[in-house]
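Visitor: The following comprises the amino acid sequence and a computationally predicted model.
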Amino acid sequence: MKDILKRFLPYASLIGLFVILTLASPYFLTVNNLSSVVRQTTVITIMAIGMTVVMASAGIDLSVGSMLALAGVCGTMLIAGYGSTTLALFGSILVGLFCGLINGAVITVLRIPPFIATLGALGIYRGITLIITKGIPVVNLTRDFGALANGSLAGIIPVPLVFLLGVALLVYFILKYTKLGRYSYAIGSNPEAARCSGVPIGAYVVMIYGLGGALTGLAGMIEAARLVTGQPTAGEGYELRVIAAVVIGGGSLSGGQGTVLGTIVGSFTMGLLSNGCNLLGISPFLQQVIIGSVIVLAVTFDEFQRRR
């Protein structure tokens, strides 16, 4: 019963929050507002799905916010130069993939703890972004670029939701049916046992961070499309929200746990919380306090369960 309670607690929290906000504000349960929540939450959710795989292997990536900005700026520079949204999208994903592979290689080859390695990468990627843009946003983008974040299919389904569903299905398949997914949990649960079982830990750690980086690159383009500019300061503080989404959704900082569906629930819980605070006129400064408190409570609950 305790395991069942822990598994379904994130879903119960999301449902309870949804009901409370529906009763508290007449503007919450509207098509425009819910569509806005989806568009605003998609970026964090896609990044969090990649972080789920990283944290399942007992790793962490604090550079995702800076990586998002770098990938988004590189993608928008391709649009400004060549006018191709498709080329920019692939370019942004490749930039994120490259950054993720570098993080994984530094952690594996130099044997630096993921926290320290990615903390350094956070500053490096942000600095590179500011250098190549000179701190000035990338503008003069094509009109169709904004459709990545602001467009709709059949006038109802937000385009970012389509990207989110595609990413969720892909990563669910990876975690469920591939060696990369199974080895991620194995490495996170007991790296020594995984090594003794013949798992090439170094190679898979690099691939895990590469996957997280690629998804962050995709999120960077959606974020840039939402702003219709390439902002070198985009993504500041996103790493905390991403990690919080994974932990709230049932992931563990100790590794070996985490699901795609749970992460989506955790991310949308934070999205609804932020949206509800805005509708109820709660100060954005207080929102930061609330989100920080939620992170602490979620980690405390996870640690308590792990110790028991």
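Guide: Alright, I've got the coordinates.
Visitor: quick one: least confident helix or strand in the chain?
Guide: helix 284-307 (a mean of 75; mean pLDDT, DSSP states H and E).
Visitor: Go through that one and flag the buried ones.
Guide: 287, 291, 294-295, 298-299, 302 (16 or more other Cβ atoms under 10 Å). Just so you know, the C-beta spots here come from the backbone N, C-alpha and C atoms, and that holds for glycine as well.
Visitor: other SSEs contacting that helix?
Guide: Applying 3 or more Cβ pairs under 8 Å, 6 or more residues apart in numbering; DSSP states H and E, we find helix 284-307 packed against helix 238-248, helix 260-279.
Visitor: tell me the angle the last one makes with helix 284-307.
Guide: With axes from the mean of the first three to the mean of the last three Cα atoms, to 10 degrees applied, the angle from helix 260-279 to helix 284-307 works out at 150 degrees.
Visitor: Next, the angle helix 238-248 makes with helix 260-279.
Guide: 120 degrees.
Visitor: and helix 260-279, what other elements does it pack with?
Guide: Secondary elements touching helix 260-279 (3+ Cβ pairs under 8 Å, 6+ apart): helix 2-24, helix 31-56, helix 159-177, helix 238-248, helix 284-307.
Visitor: okay if I get the buried residues of helix 284-307 as TSV plus distance to Cys74?
Guide: As requested, those are exported to TSV (distance: Cβ to Cβ, whole Å):
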residue	distance to Cys74
Gln287	31
Ile291	29
Val294	33
Ile295	30
Ala298	33
Val299	33
Asp302	36
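Visitor: Please state the offset of the least confident helix or strand of the chain from the chain centre?
Guide: Helix 284-307 sits 17 Å away from the centroid of its parent chain (Cα atoms, centre = their mean, to the nearest Å).
Visitor: neighbouring contacts of that helix?
Guide: 2, 6, 240-241, 243-244, 247-248, 252-254, 270, 273-274, 277-278 (Cβ atoms under 8 Å, 6 or more residues apart in numbering).
Visitor: switch the cut-off to 10 Å
Guide: 2-3, 5-6, 9-10, 13, 237, 240-241, 243-254, 256-257, 266, 269-270, 273-274, 276-278, 282-283 (Cβ atoms under 10 Å, 6 or more residues apart in numbering).
Visitor: Give me the angle between it and helix 2-24.
Guide: Going by the same axes, to 10 degrees, helix 284-307 makes 160 degrees with helix 2-24.
Visitor: Now helix 284-307 - C-alpha only, CSV.
Guide: Extracted C-alpha coordinates of helix 284-307, given in CSV (Å, rounded to 0.1, in the frame of the first residue of the first chain):
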residue,chain,number,x,y,z
PRO,A,284,5.8,36.2,-8.7
PHE,A,285,8.4,36.6,-5.9
LEU,A,286,6.2,34.4,-3.7
GLN,A,287,5.9,31.9,-6.5
GLN,A,288,9.6,31.3,-6.3
VAL,A,289,9.3,30.6,-2.6
ILE,A,290,6.4,28.2,-3.3
ILE,A,291,8.3,26.3,-6.0
GLY,A,292,11.5,26.1,-3.9
SER,A,293,9.4,24.7,-1.0
VAL,A,294,7.8,22.1,-3.3
ILE,A,295,11.3,21.0,-4.3
VAL,A,296,12.4,20.6,-0.7
LEU,A,297,9.3,18.7,0.3
ALA,A,298,9.5,16.4,-2.7
VAL,A,299,13.2,15.6,-2.0
THR,A,300,12.5,15.1,1.7
PHE,A,301,9.7,12.7,0.9
ASP,A,302,11.9,10.8,-1.5
GLU,A,303,14.8,10.6,1.0
PHE,A,304,12.4,9.5,3.8
GLN,A,305,11.0,6.7,1.6
ARG,A,306,14.5,5.6,0.5
ARG,A,307,15.8,5.4,4.1
